[in-house]
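Asker: here is the input, now give the coordinates:
(one chain, ligands or ions: 2)
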Amino acid sequence: MAIQVKSPIVEIDGDEMTRVIWQMVKDELLHPYLDMKTLYFDLHIKRRDETDDKITFDAADAIARHGVGVKCATITPNDARVKEYSLKKAWPSPNGTIRGILDGTVFRQPIVVKRIPPTVRTWKKPIIIGRHAYGDIYKNQEIRVQGPGRGELVFTPSTGAEPVRLTIQDFKGPGVLQGIHNTEKSIRSFAKACIQYAVSQHVPLWFGTKDTISKTYHAFFRDVFQEEVDKNRTAMDAAGVSYFYTLIDDAVARVMRHEGGFLWACMNYDGDVMSDMLASGFGSLALMTSVLVSPNGPMEFEAAHGTVQKHYYAHQKGQPTSTNSTATIFAWTGALARRGALDSTPAVSDFARKVEASVIETIEEGTMTKDLTLVCDPPAEGFVTTEGFIKAVRTRLEKKL
Ligand code: NAP
Ligand code: MG
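Answerer: Ligands and ions are numbered 1, 2, ... in the order given. Just a heads-up that it's a prediction; the model follows:
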């Protein structure tokens with residue numbers, strides 16, 4: 001008896017090797033067991049080109065309307081891709097477009113497998129990182145100061161009121177100068193998305209800034225977060241979600257001796273740097289998932305890695321590949337579990353957890369793709385093909401259903 005998925009999931013297909021995996025995952029692990037309707041959007045690079053990228057906008061709107069999406073990796077075209085696929089132009093990154101429409105925050109979540117030990121001994125559970133992806137140094141203005149002079153910070157109100165003028169530095173000689181900003185709207189959306197995701201995952205929420213030094217800028221982030229937490233106290237309490245604010249230095253020190261299992265909200269630069277630290281610390285890009293959370297609730301699940309281009313070229317030549325489908329499978333299970341929670345259909349969420357457990361057991365018992373053999377402990381005896389891995393997961397799943 002197939003398990004009924006009550007409401008549709010927005011399915012966004014993509015490119016290259018991940019598109020190949022996408023079909024295999026559906027054929028082997030989903031369609032045989034689920035009665036599931038998806039709203040299908042094909043974001044293959046040629047389809048985006050044919051529709052002048054309208055398909056990407058339609059997909060994002062569908063997620064906003066239906067609440068849950070799952071996305072395959074897609075090519076972000078550069079000049080080489082424009083040539084390769086004879087494109088009209090280098091269309092913008094679909095992820096950027098979708099993030100913009102959903103006003104979303106991206107959370108990266110590693111999949112923890114015993115056989116792939118994290119570099120940090122104390123890490124036992126995933127540390128989810130949420131990066132504020134607007135402003136600060138990423139939207140700065142900079143001046144290379146050539147000699148003596150005054151660097152100033154000036155704000156001119158649109159009301160015609162007196163400008164606010166502060167001296168940053170009276171330069172005696174050459175130096176550098178930078179101006180940065182953020183907006184209350186963006187910080188608030190970020191805080192809301194972090195709270196949403198912590199509540200959906202039932203994990204504590206951490207946030208840190210350098211408010212001891214930046215008593216206005218960083219302190220504003222701290223205060224906006226606190227206000228949003230206060231507004232959402234009931235939902236957080238109901239989900240058992242605590243909020244912990246500390247100085248960013250202290251947060252970093254604690255992360256290195258914590259067992260994990262929390263969501264770490266980071267300002268833009270901290271998130272940029274720390275997400276790479278965590279990705280490498282947890283073992284493999286192929287074990288990293290990514291969730292886009294809109295402050296109003298909709299979520300889109302995907303693998304953090306790209307389309308695995310080199311493997312696709314080998315696949316096209318008919319050569320066997322050993323591409324890791326773990327993060328793609330977890331994108332699907334994340335979407336299914338979310339759908340199950342929203343629809344109050346525990347059987348769907350339960351199925352998702354069984355698929356995840358099957359993947360983890362498959363790797364832990366030594367059946368893995370080539371990328372993992374390089375980082376696993378104890379060492380693996382060999383590796384399986386792309387298809388071989390998915391079939392091994394199916395064998396374990398069958399026993400659980
Ligand atoms: P990538 O597809 O993540 O692959 C980089 C390398 O990482 C691969 O060549 C492979 O190494 C390894 N790798 C990544 N995922 C793997 C997996 N599942 N299994 C095994 N190995 C894996 O990044 P890229 O080559 O820089 O980008 C390719 C295309 O993806 C680009 O067109 C880019 O625009 C797009 N992209 C899309 C997204 C997205 O849609 N979210 C994200 C990033 C990039 P080896 O070759 O050494 O085996
Ligand atoms: Mg980075």
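Asker: which stretches of the stretch 51-200 of the chain form strands?
Answerer: If DSSP state E, counting those that start in this stretch is used as the criterion, the strands of the stretch 51-200 of the chain fall at 68-71, 105-110, 127-131, 141-145, 149-155, 164-171, 175-179.
Asker: ok, which of those comes nearest ligand 1?
Answerer: Proximity to ligand 1 (Cβ to the nearest ligand atom) singles out strand 68-71 among the strands of the stretch 51-200 of the chain, at 7.2 Å. Yep, even glycine has a C-beta here, placed from its N, CA and C like the rest.
Asker: what is the distance between the closest one and the centre of its chain?
Answerer: Computed by Cα atoms, centre = their mean, to the nearest Å, the chain-centroid distance of strand 68-71 equals 12 Å.
Asker: just stretch 220-228 next, same as before
Answerer: Relative to the chain's own centre, stretch 220-228 is displaced by 23 Å; criterion: Cα atoms, centre = their mean.
Asker: could you do stretch 195-207 as well?
Answerer: A distance of 14 Å separates the centroid of the chain from that of stretch 195-207, by Cα atoms, centre = their mean.
Asker: try stretch 374-389
Answerer: Using Cα atoms, centre = their mean, the mean C-alpha position of stretch 374-389 is found 25 Å from that of the whole chain.
Asker: one more: stretch 248-256?
Answerer: Put simply, stretch 248-256 sits 21 Å off its chain's centre (Cα atoms, centre = their mean).
Asker: can you pull the buried residues of stretch 315-329?
Answerer: Buried residues in stretch 315-329, counting neighbours by 16 or more other Cβ atoms under 10 Å, are found at His315, Thr321, Ser322, Thr323, Asn324, Ser325, Thr326, Ala327, Thr328, Ile329.
Asker: can you report phi and psi for the fourth one?
Answerer: What it means is Thr323. Dihedral pair for Thr323: phi -100, psi 140, per degrees, to the nearest 10.
Asker: tell me which residue lies nearest the centroid of this protein.
Answerer: Ser290 (2.6 Å; Cα atoms, centre = their mean).
Asker: and the closest residue to that one other than its chain neighbours, how far is that from Ser275?
Answerer: Computed as Cβ to Cβ, 6 or more residues apart in numbering, the closest residue to Ser290 that is not its neighbour in sequence is Ala304, at 4.3 Å. Separation of Ala304 from Ser275 (Cβ to Cβ, to the nearest Å): 9 Å.
Asker: can you name the residues in contact with stretch 383-391?
Answerer: Stretch 383-391 is contacted by residues 17, 20-21, 24-25, 28-29, 311, 315, 320-325, 329, 362, 367-370, 372-373, 392 when judged by Cβ atoms under 8 Å, 6 or more residues apart in numbering.
Asker: so how far is that stretch off the chain centroid?
Answerer: Between the centre of stretch 383-391 and the centre of its chain there are 25 Å (Cα atoms, centre = their mean).
Asker: any part of it near ligand 1?
Answerer: No: with Cβ under 6 Å from any ligand atom as the criterion, ligand 1 is not reached by stretch 383-391; the gap is at least 8.3 Å.
Asker: contacts only, for the residue of the stretch 51-200 of the chain found nearest ligand 2.
Answerer: Going by Cβ to the ion, ligand 2 is nearest to Arg131 of the stretch 51-200 of the chain, at 8.7 Å. By Cβ under 8 Å, 6+ apart, Arg131 lies in contact with Thr105, Val106, Arg108, Cys266, Asn268, Asp270, Gly271, Asp272, Ser275.
Asker: I appreciate the help and will end here.
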